[in-house]
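> test case, fold it:
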Amino acid sequence: MFDKWLKLPAHHYLHLTALALLIVGVSISNVIMSIGSIWLIANWLIEGQFNDKLNRFKKTKVLWAFIALFCFSAVTLIWSENITYGVKDLRIKLPFLIIPFVIGTSKPISKREFYWLIYAFLGSILITSAYNYIQYLTNINSYQDIREMSHFISHVRYSILINLGIFFTYYLFLKRKFNRIILLLLGLWFIFYLYKSQTINGYGLFIILFILSMVYWINQFKNKLLKRGVFIGVLLTTVGLFSTFGYIWFWSPSEIEKVDVSKLELYTANNNGYYHIKNSQIAEDGKLVYIYISEKECHKAWSKRSKMDFKGLDKKGQNLEGTLYRYMTSKALRKDSIGFLSLTDQDIRNVESGFPNYKINAGLIEKIRDLKLQLHTFKANGNPNGHSLIQRQIHLETGLDILKSHWLLGVGIGDVQSIFNKQYLINQTNLLPENQHRAHNQFLTIWISHGIIGLLLIVFIFIYPFLVNLTICDYLLCVVLLAFVFSFIWQDVLETQAGVTIFSLFYSLVVFKPSITNVKN
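Numbering: from 1, shown residues only. Got it, this is the predicted structure:
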């Protein structure tokens, strides 16, 4: 319509503007994402040219899968008891239908336009990551959790964007698009931010995409000697990464201090008795936690400096008393009144927030140590609350228990959370209600909600690009698809508007993008 009036490709420009809003909005705001989605579909409707769009639709089989999965979601409401929740879920998943359908049936954008969208995306995550980190440095003492560093969207979903930013930058660097020095600095910044974010999913995704990238680009080299040299370098780098992880996991802080229990003192300076659990091997930074404890003195001292119940839970749902003992141990303090005097006001806030160690927000090494300690603590006392790794394991096991009875048709999109709640009761889990979440595995969640039909449709969506062309070798396509396969395994990506939009947008951009030739070396 507007094209005829203005004698310009106005609708194409409006289409690009909507895509720009979406690709910037995914890292900034749900509001901007919503505006972009509405703009995208409104322009598509006003533009007309439905015969051309219908022809493109007929040729693009994957769009049928997107529509089928969304429509089947609506059908599952028939056997859902919670219709209200199901309708709300359908509304959240509208971008899953709209974005691929509009992009897939619209006139393809040019290579130049595709690159400009990538630049806009990189610019948006540069700004948001810089803002996040500056706020973190400015207010470091007020952060209860490093995850609060992500101000705009969930830290887990933001780690997906940061990883895409790293490997998009890497792609542009090798394609010689834009200034290479700027791209190098940009990529290093994103890697540094990912390191500081302490998002274990983000670390795992980085390793997977790093290996993919090295294998892909090595294959592009024509010179055999150069190819072998780079392969050896990549192999050594990969071994180095896993060796570093292995060292931290298996040796540090496995070396627990050796204590002669016969020489442990029995009384505090105030002549109150210590208690020592001599057979306990629970340690913090290699130092035994359950020795030199005066519960009486710690309880009294704590009550004078905090309003939180000494015998209650910290803000992460962990036993506060245990968190305090571990925290004081990390500072090499005895758990008595004299040791307590060494704790600052910030230390008290850290304990209240659930930090078991004074070394917080320190990046990858501390995250790995924390995960290892979670396993050790869980084995010692069996309490999974406050331990994300153990909680996720229980979420997954609960989902698998549900699947045994609902693998064919699923429970319907309206009843997913309620069926999880029931299963937690059946399993008599000791997870607190606020920690009783879904499976944290999108493939499993779709199978539970949609049955085997839903699972097959989502799998088809992922393998479609390779079914169309069995010889396809597209770097950006491989990066995006692998990133989301990995994310689907560890997260419920499609259960929020941001997650649905991120997946639908990046999938559509790389699957329906213009043909881009590979870099030549």
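> any idea how far the residue of the chain positioned farthest from its centre lies from residue 340?
Distance from the C-alpha centroid of the chain peaks at residue 271, with 50.1 Å (C-alpha atoms, centre = their mean). Plainly put, residue 271 is 16 Å away from residue 340 if you go by C-beta to C-beta, to the nearest Å. Quick note: C-beta positions are derived from backbone N, CA and C, even for glycine.
> ok, which stretches of the stretch 401-521 of the chain are helices?
416-427, 442-468, 475-490, 497-511 (DSSP state H, counting those that start in this stretch).
> please identify the deepest-packed of these.
Ranked by mean neighbour count under mean count of other C-beta atoms under 10 Å, these are led by helix 497-511, which reaches a mean of 23.
> what mean pLDDT does it have?
In this model, helix 497-511 has a mean pLDDT of 94.
> between the helices of the stretch 401-521 of the chain, which one is closest to residue 186.
When these are compared by C-beta to C-beta, helix 475-490 sits nearest residue 186, at 16.3 Å.
> and the angle from that closest one to helix 497-511?
Helix 475-490 runs at 150 degrees relative to helix 497-511, counting by axes from the mean of the first three to the mean of the last three C-alpha atoms, to 10 degrees.
> contacts for helix 475-490, please.
Here helix 475-490 makes contact (C-beta atoms under 8 Å, 6 or more residues apart in numbering) with 160, 163-164, 167-168, 171, 201, 204-205, 208-209, 212-213, 216-217, 392, 440-443, 462, 465, 493, 503, 506-507, 509-511, 513, 516, 518.
> stretch 110-123 now?
16, 19-20, 23-24, 26-27, 109, 164-165, 168-169, 172, 177-178, 186, 509, 513-516.
> cutoff 7 Å now
Identification of contacts with stretch 110-123 by C-beta atoms under 7 Å, 6 or more residues apart in numbering yields 16, 19-20, 23-24, 165, 168-169, 177, 186, 509, 513-514, 516.
> now stretch 307-314
299, 302, 303, 319, 320, 321, 323, 351, 352, 353, 354.
> go with 10 Å
144, 295, 298-303, 315, 319-324, 348, 350-356, 385-386, 432 (C-beta atoms under 10 Å, 6 or more residues apart in numbering).
> cool, stretch 40-50 as well?
Residues contacting stretch 40-50 (C-beta under 10 Å, 6+ apart): 1-4, 10-19, 21-22, 53, 57, 94-95, 97-99, 101-103, 105-107, 505.
> could you redo the last one with a cut-off of 8 Å?
Contacts for stretch 40-50 (C-beta under 8 Å, 6+ apart): 1-3, 11, 14-15, 18-19, 22, 53, 98-99, 102-103, 105-106.
> could I have that stretch exported to PDB, CA atoms only?
The C-alpha trace of stretch 40-50 is given here as PDB (Å, rounded to 0.1, in the frame of the first residue of the first chain):
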ATOM      1  CA  LEU A  40       6.200  -6.500  12.200                       C
ATOM      2  CA  ILE A  41       2.800  -8.100  11.800                       C
ATOM      3  CA  ALA A  42       1.000  -4.800  11.200                       C
ATOM      4  CA  ASN A  43       3.300  -3.900   8.400                       C
ATOM      5  CA  TRP A  44       3.000  -7.400   6.900                       C
ATOM      6  CA  LEU A  45      -0.800  -7.100   6.900                       C
ATOM      7  CA  ILE A  46      -0.900  -3.600   5.500                       C
ATOM      8  CA  GLU A  47       1.600  -4.400   2.800                       C
ATOM      9  CA  GLY A  48      -0.700  -7.000   1.100                       C
ATOM     10  CA  GLN A  49       0.900  -8.900  -1.700                       C
ATOM     11  CA  PHE A  50      -0.600 -12.100  -0.200                       C
END
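> buried by neighbour count: which residues of that stretch qualify?
40, 41, 43, 44, 47 (16 or more other C-beta atoms under 10 Å).
> ok, these vs residue 411, which is closest?
Among those, and counting by C-beta to C-beta, the member closest to residue 411 is residue 41, at 30.3 Å.
> any idea how far residue 513 is from that closest one?
20 Å.
> what do you get for residue 112?
Taking C-beta to C-beta, one finds residue 112 at 12 Å from residue 513.
> which of the two has more neighbours?
residue 513 (20 against 8; other C-beta atoms under 10 Å).
> leaving out chain neighbours, which residue sits closest to the more buried one?
residue 114 (5.3 Å; C-beta to C-beta, 6 or more residues apart in numbering).
> so what would you say the end-to-end distance of stretch 430-440 is?
End-to-end span of stretch 430-440 (C-alpha to C-alpha, to the nearest Å): 18 Å.
> and the residue farthest from the centre of the chain, what pLDDT?
90.
> is it in a helix, a strand, or coil?
Following DSSP: H, G, I helix; E, B strand; the rest coil, the label given to residue 271 is coil.
> can you give me the buried ones in stretch 15-30?
Residues of stretch 15-30 classed as buried: 15-16, 18-28 (neighbour count, 16+ other C-beta under 10 Å).
> so which of these belong to helices?
15, 16, 18, 19, 20, 21, 22, 23, 24, 25 (DSSP state H).
> now pLDDT and distance to residue 154 too, for these, in JSON lines please.
Shown next, in JSON lines, are these (pLDDT from 0 to 100; distance: C-beta to C-beta, whole Å):
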{"residue": "15", "pLDDT": "93", "distance to residue 154": "28"}
{"residue": "16", "pLDDT": "94", "distance to residue 154": "28"}
{"residue": "18", "pLDDT": "95", "distance to residue 154": "24"}
{"residue": "19", "pLDDT": "96", "distance to residue 154": "22"}
{"residue": "20", "pLDDT": "95", "distance to residue 154": "22"}
{"residue": "21", "pLDDT": "95", "distance to residue 154": "20"}
{"residue": "22", "pLDDT": "96", "distance to residue 154": "17"}
{"residue": "23", "pLDDT": "96", "distance to residue 154": "18"}
{"residue": "24", "pLDDT": "94", "distance to residue 154": "17"}
{"residue": "25", "pLDDT": "93", "distance to residue 154": "15"}
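> and the residues you listed as a markdown table, adding distance to residue 257?
Output for these, formatted as a markdown table (distance: C-beta to C-beta, whole Å):
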| residue | distance to residue 257 |
| --- | --- |
| 15 | 64 |
| 16 | 62 |
| 18 | 61 |
| 19 | 58 |
| 20 | 57 |
| 21 | 57 |
| 22 | 54 |
| 23 | 52 |
| 24 | 52 |
| 25 | 51 |
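> mind listing what residue 31 touches?
residue 25.
> Provide the backbone phi and psi angles at it.
phi -60, psi -50 (degrees, to the nearest 10).
> could you report the pLDDT at it?
pLDDT, residue 31: 90.
> show me what contacts the spatially most central residue of the chain?
Against the mean C-alpha coordinate of the chain, by C-alpha atoms, centre = their mean, the closest residue is residue 156 at 2.6 Å. By C-beta under 8 Å, 6+ apart, residue 156 lies in contact with 199, 201, 202, 491.
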